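Next input, structure requested:
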Amino acid sequence: MLVAAAVCPCPPLLVPEVAAGAASELDAARTACIDALGVLAAARPDLLIVIGPADVDGRGPHPEGSQGSFKGFGVDLDVRLGIGGDSGASAERPLPPSLAVGAWLLARADWADAPVEGLGVEETLEAERCANAGRELAARAGRVALLVMGDGSACRTLKAPGYLDERAVSFDTEASRALGAADLATLNALDESLAYELKVAGRAPWQVLAGAAEGAGLSGRLLYEDAPYGVGYMVATWF
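Numbering: from 1, shown residues only. Next up, the predicted model:
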């Protein structure tokens, strides 16, 4: 059963070495993410699963010990998912960027409270399949916690990756409210086509979370919401 969840954004810029001179611009987001991980630790889970958007190569399960890298972003920095597992066995299938950011957050928070696994979710995965995946994850152990990585729209300003789209603010407002309230119905009803048009990387992972939380009776709290670089970033906890 799902006992706790943390929702965090997944831009590689969250890693100070990647952001370089602009690192301070995301200090508040980093602090909120670490606070959210504290909620997961307090729940004393038997298993932590990190979920994040992934392309074809990165989708699917990633065992503890899987490695990721930020070399593709110009930084010679490697990360490892959790502290256990066999890193050699997973070296040929690196973590997708979203899970690499999650692994970096866990290392920064000194996570050692439970075994850790990763799951890369295709951004276009249909809502019902997301919900089914979440239900399966919640049944994996007696006490399951999720670290859910994903961004909101990338169309909040003229300089945003997806340029300016007037629909972006309302989408992110609805999503952040639902994440802060643990509103499963609203998350399940997020428009898949609109999310794709607005380059929302978090839609599928959030809907996996909604499926996992069915019947768990969790409450939510929004810790952070902003749109630096024209991309919606939210941090929330469910407990």
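
helix or strand for Trp206, which one?
Assigned by DSSP states H and E, Trp206 belongs to helix 203-212.

elements contacting that helix?
Applying 3 or more CB pairs under 8 Å, 6 or more residues apart in numbering; DSSP states H and E, we find helix 203-212 packed against strand 2-8, strand 47-54, strand 116-122, helix 127-138, strand 144-149, helix 168-181, helix 184-188, helix 192-197. In this view, the C-beta of every residue, glycine as well, is placed from N, C-alpha and C.

I'd like the ones you listed as TSV, with mean pLDDT, distance to Pro228 and mean neighbour count appended.
TSV is the format used below for the helices and strands packed on helix 203-212 (pLDDT from 0 to 100; distance: least, CB to CB, whole Å; neighbours: other CB atoms under 10 Å):
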stretch	mean pLDDT	distance to Pro228	mean neighbour count
strand 2-8	98	14	27
strand 47-54	98	19	27
strand 116-122	98	24	25
helix 127-138	98	27	19
strand 144-149	98	17	28
helix 168-181	98	13	20
helix 184-188	98	23	18
helix 192-197	98	20	15
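
Put together CSV for the ones you listed, with distance to Ile83 on each row.
Shown next, in CSV, are those (distance: least, CB to CB, whole Å):
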stretch, distance to Ile83
strand 2-8, 18
strand 47-54, 12
strand 116-122, 8
helix 127-138, 21
strand 144-149, 15
helix 168-181, 28
helix 184-188, 31
helix 192-197, 34
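
Okay, now the unreliable bits of the chain?
Segments of the chain classed as low confidence (criterion: pLDDT under 70) are 87-91.

Name the residue closest to the centre of it, please.
Taking CA atoms, centre = their mean, the centroid of the chain lies closest to Met149, which sits 0.6 Å from it.

show me the contacts for that residue.
Met149 sits next to 8-10, 50-53, 98-99, 101-102, 202, 205 when contact means CB atoms under 8 Å, 6 or more residues apart in numbering.

tally of neighbours for the closest residue to Glu25 other than its chain neighbours?
Nearest non-adjacent residue to Glu25, counting by CB to CB, 6 or more residues apart in numbering: Pro228, 5.7 Å away. Around Pro228 there are 17 other residues, counting by other CB atoms under 10 Å.

Pro61 too?
Pro61: 11 surrounding residues under other CB under 10 Å.

Please name the spatially closest residue to it (chain neighbours excluded).
Nearest one to Pro61, counting by CB to CB, 6+ apart, is Leu119 at 5.7 Å.
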